[in-house]
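**Student:** Sequence below, structure please.
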Amino acid sequence: MPRVFFLPSHVSVDVEPGETILDAARKAAITLESPCDGTGTCGKCKVTLPGRNIEALPVDGTGKVSAEEQAAGVVLACQTRVWGETIVEIAAEWQNKSVKVLETGVSAAIEVDPFVRKAFLAATRTTAVYGGLRLLGCEAGDTRERLFGAVIDIGTTTLVATLVDLNDGREVATASALNPQTLHGQDVLSRIRLASEKDGLALLYNLFIMEADRLIGEICAQAGADRRNIYEIVYSGNTAMLHLATNTDPSHLGRYPYTPALRGGHYLGIPHEGGLHIAGHGVIYLPPIISGFVGADITSGVLATRLHERKGITLFIDIGTNGEMVIARDGFLTASSTAAGPAFEGMNITFGMRAGDGAIESFEVNGGGEPAIGGIGGGPWTGICGSGLLDVVGELVAHHVIDGSGRLAHPNHGSLARALGQRLVLRSGKPVFRLSDTIYLSQGDVRQVQLAKGAIRTGIEYLLRHTGVGPAEVDEVLIAGAFGFHLREKNLLAIGLLPEPFRGKVNFVGNTSKTGGVAFLLNKGYRAEMEKVVEAVQTIELANYKDFDRTFVNFLRF
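**Tutor:** All right, here's what the predicted structure looks like:
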C-alpha cells in the first residue's frame with residue numbers, strides 16, 4: 001500500500017492505491033480544509049508536493065491552481081490521487097485553525113425559572129433533580145448549589161458553548177471553536193449530501209459530539225465546575241445543523257418540499273455512548289423549528305429580541321451562507337430564507353478565509369483617497385474574511401473603483417484617487433485590486449459578492465412585497481449573527497444589500513442564537529410561548545415566485 005508522509009507534522013498513513021491526498025489527510029487526522037467536500041471547486045485544499053514526488057499527475061481541471069503554483073508543485077489535495085510513496089507539505093496559511101467568534105448578543109430581561117431544579121430531601125440526605133414535574137434522578141448529599149445548564153450555538157461555521165448557573169442566571173463561562181464539520185463541507189447543502197451517503201451522517205455527528213464535549217470540558221474548567229453538574233443543554237442552530245447534531249437523517253432537506261424530520265420543542269437523552277459527558281440523567285432541549293431552512297437559531301433570535309412583541313414594522317436578518325429573515329408587523333411574523341452561498345465565509349474567494357489570525361477584517365478609504373486596512377492578529381495578512389470582503393467591495397463601489405455592473409476599473413482609469421488607482425494592476429490580462437503585496441481582490445471575487453448580496457436583497461424584496469410593506473415603512477432593521485455584527489451599515493447600503501430607505505435604521509444585535517438559547521435555558525415558560533409563536537409564523541418559499549429569476553438578476557447590480 002502506498003504511504004503518504006505529511007510535513008511539517010511528520011505524520012504518515014497508508015492508503016489504497018488511487019485514493020486522494022485529501023482521503024489520506026482525513027485518515028491521518030490531519031486538519032486540511034475542503035469546504036466543497038472534495039469536488040475541486042473551492043480551491044482551499046492546496047498542498048505542495050516537494051520535487052513532484054508522485055507517480056501520477058494531479059487530476060485538476062478546475063483552474064483553481066495557477067501556472068505559477070503548478071510549477072512550484074502545488075496541487076489540490078482532493079484532485080490528486082496517490083499511487084506510490086508521497087511526501088505532502090501543508091502550508092500553515094491554509095490551515096486557518098484559529099477563528100474569531102462572536103459570543104455576545106442582545107437579550108431581553110429574563111426571570112430565572114429554569115426547567116431543571118433541585119430539592120433537598122432531609123430524611124434521606126439526598127437531592128432530587130427534577131426536569132419540569134418529572135424526577136430525573138437523585139444525588140447523595142445536598143447538591144443544590146451545584147446546578148448548571150449549557151447552551152451550544154451550532155453554527156454552520158462555528159460552535160459557541162456557554163455555561164450558565166441555573167440558580168442565579170449568571171453566564172459563568174463561554175468558549176468557541178470552528179465547527180469541525182466544515183472540513184467536509186462549508187455550506188449546508190454539501191453536508192446534507194454527505195449525510196445522505198453511507199457513513200456520512202455518522203461521520204458528521206461524531207465530529208460535532210466530540211468537539212461539543214471538548215467545549216463543555218473547557219467551560220467547566222474555566223468556571224471550576226464539574227461537568228456532572230450540568231443537567232440540561234439547549235441546542236440552538238439552523239435546521240440542518242440540528243439534524244446533524246442529533247444524528248437525524250437530513251436528506252429530506254435536500255429535496256422539495258424540504259420537510260424537516262425534526263420540529264423541535266422536545267427533549268432528548270444525553271448520548272454518552274457518543275462522547276457527550278454531563279449528568280447521567282441530563283437532557284437536551286431543541287427549540288421549535290420554523291421550517292426546513294428557517295431554524296431554531298431564528299426562533300432563538302425572535303425570543304432574544306422579543307420580535308413578536310414589537311410594535312410597528314421590524315425586519316430581522318441573519319446574514320450568512322443561508323440568509324434567514326423575518327419581518328414583524330405589530331407581532332405578526334413572516335419568515336423566509338435564501339441561499340446566499342459561501343462567499344461571506346470566504347469560500348470561492350481567491351484569498352478568502354475565515355475570521356482567524358491573518359485575516360483582513362476591515363477596509364476604509366479616507367477623505368484623501370488613502371485606504372486603511374485592519375485585520376485580526378496584526379498581520380502579515382494571509383487572506384480576507386467575510387466582513388473584510390464586504391468592506392472592500394463597499395468602499396470600492398463608493399469610490400467608483402467598481403461600477404454599478406460590478407466591473408473593476410482598468411488600471412489606466414484616470415479619474416480615481418491616486419492611492420486607489422495605484423492598487424489596480426493587471427493579472428493574466430485582467431484587472432485586480434491589490435490589498436497587500438500578496439493579497440488581491442479579483443473580478444471573480446466581486447461576482448461572488450454580487451451573487452450573495454443579490455440573493456439576500458431578493459429575499460428582503462419578496463418579504464416586503466408579500467407583507468405589503470414599502471422599504472420606507474420599515475421602522476427598524478436588526479442584523480443578527482456573528483458575521484453580521486462586524487458589518488457596517490454604509491457598506492451594506494453601498495453594495496445594495498439593503499435598500500437606501502433603511503439608512504439610519506440598522507442595528508447590529510450580535511449572536512442572538514446564543515442569547516436566545518440562554519433565555520430558553522433560564523425560563524421554561526418561554527418554551528411553550530415560542531411554540532405558539534412558531535406555529536403562527538407564515539413562511540414563504542421564494543422559488544414559487546414566477547419572476548424570482550428576473551428580480552434576482554436585477555439585484556446583482558451595485
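
**Student:** in the sheet, who's paired with A175?
**Tutor:** In this entry, A175 is beta-bridged to A161, by DSSP bridges.

**Student:** That one against T158, yeah?
**Tutor:** No. In this structure A175 lies outside contact range of T158 using CB atoms under 8 Å: 11.1 Å. All C-beta spots, glycine's among them, are computed from the backbone N, C-alpha and C.

**Student:** residues making contact with the helix or strand of the chain with the lowest mean pLDDT?
**Tutor:** Taking mean pLDDT, DSSP states H and E as the measure, helix 482-485 is the helix or strand of the chain with the lowest mean score, a mean of 71. By CB atoms under 8 Å, 6 or more residues apart in numbering, the residues outside helix 482-485 that reach it are 101-102, 105, 155, 158, 317-320, 344-345, 386-387, 479, 508-511.

**Student:** Mind checking which of those residues land in helices?
**Tutor:** Members of those lying in helices (criterion: DSSP state H): G386, S387.

**Student:** Any of the contacts of helix 482-485 buried? List them.
**Tutor:** The neighbour-count test (16 or more other CB atoms under 10 Å) marks 101-102, 105, 155, 158, 317-320, 344-345, 386-387, 479, 508-511 as buried among the contacts of helix 482-485.

**Student:** on that earlier part again, can you list the buried residues in the next helix or strand after the least confident helix or strand of the chain?
**Tutor:** Next helix or strand after helix 482-485 toward the C-terminus (DSSP states H and E): helix 489-494. By 16+ other CB under 10 Å, the buried positions in helix 489-494 come out as E489, N491, L492, L493, A494.

**Student:** Are there helices or strands packed against helix 489-494, and which ones?
**Tutor:** helix 386-398 (3 or more CB pairs under 8 Å, 6 or more residues apart in numbering; DSSP states H and E).

**Student:** Tell me the helix or strand right after the helix it packs on.
**Tutor:** Using DSSP H and E, the first helix or strand after helix 386-398 is helix 418-421.

**Student:** Next SSE downstream of that following helix?
**Tutor:** According to DSSP H and E, the helix or strand after helix 418-421 is strand 424-427.

**Student:** which outside residues touch that following strand?
**Tutor:** By CB under 8 Å, 6+ apart, strand 424-427 touches 401, 408-411, 413, 416, 431-434, 440, 442.

**Student:** and with 10 Å instead?
**Tutor:** Under the contact criterion CB atoms under 10 Å, 6 or more residues apart in numbering, strand 424-427 has outside partners 66, 350, 396, 401, 408-413, 416, 431-434, 440, 442-443.

**Student:** Just checking: what are the partner strands of that strand?
**Tutor:** For strand 424-427, pairing defined by DSSP bridges yields strand 430-434 (antiparallel).

**Student:** For the strand it pairs with, list every residue counted as buried.
**Tutor:** Quick answer for strand 430-434 (16+ other CB under 10 Å): P431, V432, F433.

**Student:** so where's the stretch 351-500 of the chain uncertain?
**Tutor:** Nowhere does the stretch 351-500 of the chain drop to pLDDT under 70.

**Student:** So Q70: helix, strand or coil?
**Tutor:** helix (DSSP: H, G, I helix; E, B strand; the rest coil).

**Student:** what's the burial count for it?
**Tutor:** By other CB atoms under 10 Å, the residues close to Q70 number 12.

**Student:** so how far is T80 from it?
**Tutor:** 11 Å (CB to CB, to the nearest Å).

**Student:** same thing with F115?
**Tutor:** 51 Å.

**Student:** do L183 as well
**Tutor:** In terms of CB to CB, L183 sits 17 Å off from T80.

**Student:** try A359
**Tutor:** 27 Å.

**Student:** go on, G169?
**Tutor:** 53 Å.

**Student:** Among the two, which residue is more densely surrounded?
**Tutor:** Between G169 and T80, counting by other CB under 10 Å, T80 is the more crowded of the two (24 against 17).

**Student:** hey, where'd the helices end up in the stretch 51-200 of the chain?
**Tutor:** Assigned helices in the stretch 51-200 of the chain, in chain order: 67-71, 188-195, 200-223 (criterion: DSSP state H, counting those that start in this stretch).

**Student:** Those helices: which one's closest to L253?
**Tutor:** Among the helices of the stretch 51-200 of the chain, the nearest to L253 by CB to CB is helix 188-195 (5.5 Å).

**Student:** Could you check how far the closest residue to E309 other than its chain neighbours is from I540?
**Tutor:** Nearest non-adjacent residue to E309, counting by CB to CB, 6 or more residues apart in numbering: G331, 6.2 Å away. G331 is 18 Å from I540, where distance means CB to CB.

**Student:** Which of the residues in stretch 373-385 are classified as buried?
**Tutor:** Buried residues in stretch 373-385 (16+ other CB under 10 Å): I373, G375, I376, W381, T382, G383, I384, C385.

**Student:** Same question for stretch 258-275.
**Tutor:** Neighbour-count burial for stretch 258-275 [16+ other CB under 10 Å]: P260, L262, R263, G264, G265, L268, I270, P271, G274.

**Student:** chain center to it, what's the gap?
**Tutor:** 20 Å (CA atoms, centre = their mean, to the nearest Å).

**Student:** repeat for stretch 355-362
**Tutor:** 16 Å.

**Student:** Would you mind measuring the gap between the ends of it?
**Tutor:** By CA to CA, to the nearest Å, the extent of stretch 355-362 from end to end equals 11 Å.

**Student:** Equivalent analysis for stretch 389-409, please.
**Tutor:** Note: stretch 389-409 ends 18 Å apart using CA to CA.

**Student:** now stretch 505-521
**Tutor:** So stretch 505-521: terminal residues 31 Å apart, CA to CA.

**Student:** pLDDT averaged over it - what is it?
**Tutor:** In this model, stretch 505-521 has a mean pLDDT of 94.

**Student:** now N507: how far from T127?
**Tutor:** Applying CB to CB to N507 and T127 gives a distance of 44 Å.

**Student:** swap that for R427, sorry
**Tutor:** In terms of CB to CB, R427 sits 68 Å off from T127.

**Student:** So P411 sits against G429, correct?
**Tutor:** No. Counting by CB atoms under 10 Å, P411 does not reach G429; the two are 11.2 Å apart.

**Student:** List the buried residues of stretch 494-501.
**Tutor:** For stretch 494-501, a neighbour-count test (16+ other CB under 10 Å) marks A494, I495, G496, L497, L498, P499 as buried.

**Student:** so which of the helices of the stretch 51-200 of the chain is the most packed in?
**Tutor:** Ranked by mean neighbour count under mean count of other CB atoms under 10 Å, the helices of the stretch 51-200 of the chain are led by helix 188-195, which reaches a mean of 22.

**Student:** show me what contacts G404?
**Tutor:** Counted by CB under 10 Å, 6+ apart, G404 has contacts V397, G496, R557, F558.

**Student:** Quick check: the closest residue to the third one other than its chain neighbours vs H410, distance?
**Tutor:** Here the nearest residue to R557 in space, its sequence neighbours aside, is G404; by CB to CB, 6+ apart that works out to 5.2 Å. According to CB to CB, G404 and H410 sit 16 Å apart.

**Student:** and if you look at S436?
**Tutor:** Taking CB to CB, one finds S436 at 21 Å from H410.

**Student:** Of the two, which one has the most company?
**Tutor:** A side-by-side neighbour count of S436 and H410, using other CB under 10 Å, places S436 first with 16 against 13.

**Student:** The more buried one should be in a helix, yeah?
**Tutor:** No. Checked against three-state DSSP, S436 lies outside a helix; its state is coil.

**Student:** contacting residues around the nearest residue to it once chain neighbours are set aside?
**Tutor:** Of all residues not flanking S436 in the chain, W381 sits nearest, at 5.0 Å (CB to CB, 6+ apart). Neighbouring residues of W381 by CB under 10 Å, 6+ apart: 93, 351, 353, 358-361, 373-375, 388, 435-439.

**Student:** No further questions, thank you.
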